[in-house]
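Engineer: prediction below, plus the sequence it came from.
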Amino acid sequence: MKTGKRYSNMKSNRLTNVISALVLGSTMSALAGDPKGVVEPTPPALQTNRDIPADFHKYFGQRVNSWRDRERQIAKMDMDADMNHDGTISNTDPADNGAFEATPPGMILGVGERTRVVIRLVPYRIDFDGEVVVTLEVEGINRSAKTGEFASFDEEIASMGHIRVWKDSSKKQLLLDSRDPAKRVVEFATQYKTYPYNLPLEVPRFVFVEGVSSSPIHTGDVRLLITCSHRAIGEAGYADLTSGKTSGKTFGKTPEPAPEKKPLFKSFRTSFDHILFTVQPTPSPKEFINGNNEGVWISPNGSY
């Protein structure tokens, strides 16, 4: 009796599964016939090679093990922002630095909103000849491709959010503009004769980043990169400051390997830091900035 009952239940279950499959198939067919019934899922944002600034120009040419060699580092570079929107930029708050800087969405800005970004530069070495070069660079990240690169500059500016970087809160001196090819890189240099004493005069202690237009496709699609490197006297810079293009910009083309040189001494390794930005149509609510006493945020309408 039990065997017969079990067999009957198995037949009933099979019949139920067949009916369910037929109903599901007909439903999907009906939805497929209706263009409003099927919604293609948005492709997930990829983690790209540009999420870790390690191969952007020749100053990053050292191997991974060399990056950890602090003896070859000419200065410590750090760039922080108010990632958690609490009105304070703290170097000891893990919510304001670390992985949050390089993980989308990064820093969220509203259109017309400005936020302060602090630059901390600590000199390590003074026994060298040449220049200490600090660069600020803004560019887009293509999260639809593993390389993070775009096929052309036109595609890049059409697919990314738009930010501007100002030296002051009143927007009197523009340093960078993500859509202006002549304003994509800015450089500050000082020679060994005055380094590190004049660094506070040459390198800004902070900048203000403004959201201009929203990110159309992915979050974390704009990167602000800062580097500190050593350069011999008379050596050409890695960036063409008139066009905004660096030597790492290939736009889909395979870069040609640079001729190998044997310098008399090893150059110091480059320090770097970067922050990803996402621009959204409206600013996020700022409920914990304590009256904006530190002036970290500037709203489009002056509400904080």
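Structural biologist: Yep, it's here.

Engineer: burial of Lys193, as a residue count?
Structural biologist: For Lys193, the count of nearby residues is 8 (other Cβ atoms under 10 Å). Any C-beta I mention is one placed from the backbone N, CA and C, and that applies to glycine too.

Engineer: hang on, it in a helix?
Structural biologist: No - with DSSP: H, G, I helix; E, B strand; the rest coil as the criterion, Lys193 is located in coil rather than a helix.

Engineer: tell me how far it lies from Thr88.
Structural biologist: 37 Å (Cβ to Cβ, to the nearest Å).

Engineer: tell me the contacts of Val118?
Structural biologist: Met79, Asp80, Ala81, Ile89, Arg205, Phe206 (Cβ atoms under 8 Å, 6 or more residues apart in numbering).

Engineer: same check on Gly98?
Structural biologist: By Cβ under 8 Å, 6+ apart, the contact list for Gly98 is empty.

Engineer: tell me where the model's unsure across the stretch 201-304 of the chain.
Structural biologist: 237-268 (pLDDT under 70).

Engineer: mind listing what's buried along stretch 290-304?
Structural biologist: The neighbour-count check on stretch 290-304 (16 or more other Cβ atoms under 10 Å) flags Val296, Trp297, Ile298 as buried.

Engineer: inside helices: which ones of these?
Structural biologist: Per DSSP state H, helices hold no members of the buried residues of stretch 290-304.

Engineer: let's see which of these end up in strands.
Structural biologist: Among those, the members falling in strands (DSSP state E) are Trp297, Ile298.

Engineer: returning to what we had before: which single one of the contacts of Val118 is nearest to Thr135?
Structural biologist: Closest to Thr135 out of the contacts of Val118 is Met79 (12.0 Å), distances taken as Cβ to Cβ.

Engineer: the closest one bridge partners, please.
Structural biologist: Bridge pairing for Met79 (DSSP bridges) gives the partners Ile119.

Engineer: tell me which residues touch it, please.
Structural biologist: Glu101, Val117, Val118, Ile119, Arg120, Leu224, Ile226, Asp273, His274, Ile275.

Engineer: what do you get if the cut-off is 10 Å, keeping everything else the same?
Structural biologist: 97, 101, 117-121, 136, 206-207, 224-226, 272-275 (Cβ atoms under 10 Å, 6 or more residues apart in numbering).

Engineer: what does Ser215 give?
Structural biologist: By Cβ under 10 Å, 6+ apart, the contact set of Ser215 is 104-105, 108-109, 140, 159-163, 221-222, 277-281.

Engineer: how is this protein partitioned into domains?
Structural biologist: 1-40, 49-298 (automatic domain parsing).

Engineer: you'd agree Ala182 is in a helix?
Structural biologist: Yes - counting by three-state DSSP, one finds Ala182 located in a helix.

Engineer: quick one on the thing from earlier: so which of the contacts of Met79 are in strands?
Structural biologist: Of the contacts of Met79, the ones assigned to strands by DSSP E are 117-121, 136, 206-207, 224-226, 272-275.
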